[in-house]
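Peer 1: Need a 3D model of the sequence below.
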Amino acid sequence: MRTYDLTPLLRSTVGFDRFNRIFESANRLNDNTPAYPPYDIERTGDNGYRITMAVAGFSESELSVTQNQNSLVIKGATDDKTKDATYLHRGIARRAFERNFELADYVNVTGARIENGLLHVDLARELPEEAKPRTIKIASGEAGRVLEGKAAA
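Peer 2: Numbers count the residues shown, from 1 in each chain. I've put the predicted structure just below:
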């Protein structure tokens, strides 16, 4: 297994500790990660995303979508009412699952719906006013000195 040294990247950055943790957790993943249920991640606009997950056979009450800070967890728990059924072939997988997604800062779930056996989870990046770019006025000459003098007093 390869290890990557991110020190050169992080030398000129501030506040990207989470970025380093994401890479470390990606390195810990191996090929044994479950492929069930299959999902797509698509970009729906400049600040919009959608996770679409195949959940055939699950009802709304058997699924849960939870966001906790920068983590999104989608769980499916089967309420197997067909224990008495005798199957000749069972090809529809209805086993319990849990999928975790790391979300970027300011990305929030805006809605979730089931349609034709697919769970759609809509996400949007919503920057707060203080995180949006702003122009800083540059003072020169005496105004700059007075400002520095007031701060020191």
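Peer 1: where does the chain have low pLDDT?
Peer 2: For the chain, applying pLDDT under 70 flags the ranges 1-34, 79-83, 142-153.
Peer 1: Let me see the domain layout of the chain.
Peer 2: Domain ranges of the chain: 1-33, 35-128, per automatic domain parsing.
Peer 1: closest one to residue 140 among those domains?
Peer 2: domain 1-33 (26.7 Å; Cβ to Cβ). Where you see a C-beta, it was placed from the backbone N, CA and C, and this is true even at glycine.
Peer 1: What's the first helix or strand after the strand or helix carrying residue 65?
Peer 2: Assigned by DSSP states H and E, residue 65 belongs to strand 63-68. Counting by DSSP H and E, the next helix or strand C-terminal to strand 63-68 is strand 71-76.
Peer 1: Name the residues of that next one that are buried.
Peer 2: 72, 74, 76 (16 or more other Cβ atoms under 10 Å).
Peer 1: quick one: residue 40 and residue 51 touch, right?
Peer 2: Yes. Counting by Cβ atoms under 8 Å, residue 51 is a contact partner of residue 40 at 7.3 Å.
Peer 1: who are the neighbours of the helix or strand where residue 119 lies, in terms of helices and strands?
Peer 2: Element membership for residue 119, per DSSP H and E: strand 118-125. Counting contacts by 3 or more Cβ pairs under 8 Å, 6 or more residues apart in numbering; DSSP states H and E, strand 118-125 packs against strand 48-54, strand 63-68, strand 71-76, strand 107-115.
Peer 1: Try it again at 10 Å.
Peer 2: strand 39-43, strand 48-54, strand 63-68, strand 71-76, strand 107-115 (3 or more Cβ pairs under 10 Å, 6 or more residues apart in numbering; DSSP states H and E).
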